[in-house]
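**Student:** Quick one: sequence and predicted model below, then my questions.
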Amino acid sequence: MQDALGAALAAIAAGDLTLCDRQIAAAAAAAGPELHLAYLVARVRATRFVYTADFDRAAAALVEVIPGLAKHPELPDEFWAHNAMMMIREAQGDPASALAENDEATLSAARGTWDPARRDTLAFQKDRWHRAYLTRMLAESRRGSAKVALVHYAQAALDDYRVRGFPDSVAVLEAYFAALDGRRDAALAAAKRVDPAKDDDVEDLYLVVVGLEAGGDRAAAEAVRRAMRRPAAAHIARAIMLRWLDLDEQGRGFTPARAAAH
């Protein structure tokens with residue numbers, strides 16, 4: 001099964017979806033009814049559909065296994081399935097549904113028994129970072145008191161994350177918030193605190209681009225885009241971030257940078 005999944009991911013990266021589908025079918029047959037193995041297959045199937053921007057079918061692949069995963073608190077699979085669903089909902093331009101997936105991931109960690117030494121810290125960091133990011137994104141689609149409240153909630157989540165989070169991840173959120181606020185100098189300064197040569201998180205790098213562009217440093221933004229586009233293994237987040245780069249350059253569709261225009 002693992003060989004078939006590895007071959008499927010390689011086929012996605014090579015753009016050979018016919019081979020990918022054959023390998024996923026072979027992996028599913030090898031996995032049988034065992035739930036953890038079914039989750040691994042579903043995640044690769046979701047990746048395959050994300051690469052063709054068929055986000056509803058990508059989500060459906062994970063939705064099919066999540067109810068079963070919820071019955072196994074000893075596995076981290078439900079947590080990571082909701083984490084992947086969160087990115088897919090963002091790609092669909094639906095930050096409210098992405099926030100719901102974030103909540104479900106946090107609840108699954110609270111129910112979970114996996115990795116007792118690290119689970120609570122991981123869940124806190126994931127929750128507060130995404131809560132800040134997604135709530136600020138959602139605020140762009142609202143007006144009046146609703147927007148004011150959402151911006152406040154996003155800032156509170158960022159302040160929580162800042163105490164127990166990672167410096168680069170704090171910086172990219174600050175760059176994003178400043179970019180949406182129209183604070184050019186603050187967006188640029190926050191984005192410049194991240195060294196793209198050391199931070200290979202593709203979501204961080206996308207927000208670095210947003211901050212650099214908002215701050216007017218287009219040359220630096222283009223350098224980060226080039227780094228992001230270097231060949232790499234197929235991954236859900238990578239496909240979504242590269243798509244957002246393209247949409248931002250084309251000035252169309254939903255992206256976090258253009259959440260108000262959707």
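**Tutor:** Alright, I've got the coordinates. This is a predicted model, so every value here is computed, not measured. Numbering: from 1, shown residues only.

**Student:** so what's Ala8 up against?
**Tutor:** By CB atoms under 8 Å, 6 or more residues apart in numbering, the residues touching Ala8 are 19-20, 23-24, 27, 44, 48. In this view, the C-beta of every residue, glycine as well, is placed from N, C-alpha and C.

**Student:** and the residues you listed, which are buried?
**Tutor:** 20, 23-24, 27, 44, 48 (16 or more other CB atoms under 10 Å).

**Student:** circling back to that earlier point, got a markdown table for the contacts of Ala8, with secondary structure and distance to Leu247 too?
**Tutor:** As requested, the contacts of Ala8 are arranged in a markdown table below (DSSP: H, G, I helix; E, B strand; the rest coil; distance: CB to CB, whole Å):
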| residue | secondary structure | distance to Leu247 |
| --- | --- | --- |
| Leu19 | helix | 28 |
| Cys20 | helix | 24 |
| Gln23 | helix | 29 |
| Ile24 | helix | 27 |
| Ala27 | helix | 31 |
| Val44 | helix | 25 |
| Arg48 | helix | 20 |
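
**Student:** which residues touch the most centrally placed residue in the chain?
**Tutor:** In the chain, the residue lying closest to the centroid (CA atoms, centre = their mean) is Met87, at 3.8 Å. By CB under 8 Å, 6+ apart, the contact list for Met87 reads 98, 236-237, 240.

**Student:** 7 Å instead?
**Tutor:** Residues in contact with Met87 (CB atoms under 7 Å, 6 or more residues apart in numbering) are 236-237, 240.

**Student:** now, which of these lie within helices?
**Tutor:** Members of these lying in helices (criterion: DSSP state H): 236-237, 240.

**Student:** what's the closest of the residues you listed to Ala171?
**Tutor:** Nearest to Ala171, judged by CB to CB, of those is Ala237 at 18.4 Å.

**Student:** Counting neighbours, what do you get for that closest one?
**Tutor:** Neighbourhood size, Ala237 [other CB atoms under 10 Å]: 18.

**Student:** Val202 is in contact with that one, correct?
**Tutor:** Yes: assessed by CB atoms under 7 Å, Ala237 is found in contact with Val202 at 5.4 Å.

**Student:** Find the residues that touch each one of these two.
**Tutor:** Residues touching both Ala237 and Val202 (CB under 7 Å, 6+ apart): there are none.

**Student:** State the number of residues packed around Gly6.
**Tutor:** Using other CB under 10 Å, Gly6 has 14 other residues around it.

**Student:** mind showing which ranges of this structure have poor pLDDT?
**Tutor:** By pLDDT under 70, the low-scoring segments of the chain are 261-262.

**Student:** how about the helices of it, start to end?
**Tutor:** For the chain, the helices defined by DSSP H occupy 2-14, 17-31, 35-50, 55-63, 66-69, 77-91, 95-111, 119-139, 144-164, 167-181, 184-192, 202-215, 218-228, 236-250.

**Student:** With distance to Ala260 as extra columns, can I get these in JSON lines?
**Tutor:** As requested, these are exported to JSON lines (distance: least, CB to CB, whole Å):
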{"stretch": "helix 2-14", "distance to Ala260": "32"}
{"stretch": "helix 17-31", "distance to Ala260": "34"}
{"stretch": "helix 35-50", "distance to Ala260": "24"}
{"stretch": "helix 55-63", "distance to Ala260": "21"}
{"stretch": "helix 66-69", "distance to Ala260": "31"}
{"stretch": "helix 77-91", "distance to Ala260": "15"}
{"stretch": "helix 95-111", "distance to Ala260": "12"}
{"stretch": "helix 119-139", "distance to Ala260": "9"}
{"stretch": "helix 144-164", "distance to Ala260": "10"}
{"stretch": "helix 167-181", "distance to Ala260": "8"}
{"stretch": "helix 184-192", "distance to Ala260": "16"}
{"stretch": "helix 202-215", "distance to Ala260": "13"}
{"stretch": "helix 218-228", "distance to Ala260": "20"}
{"stretch": "helix 236-250", "distance to Ala260": "13"}
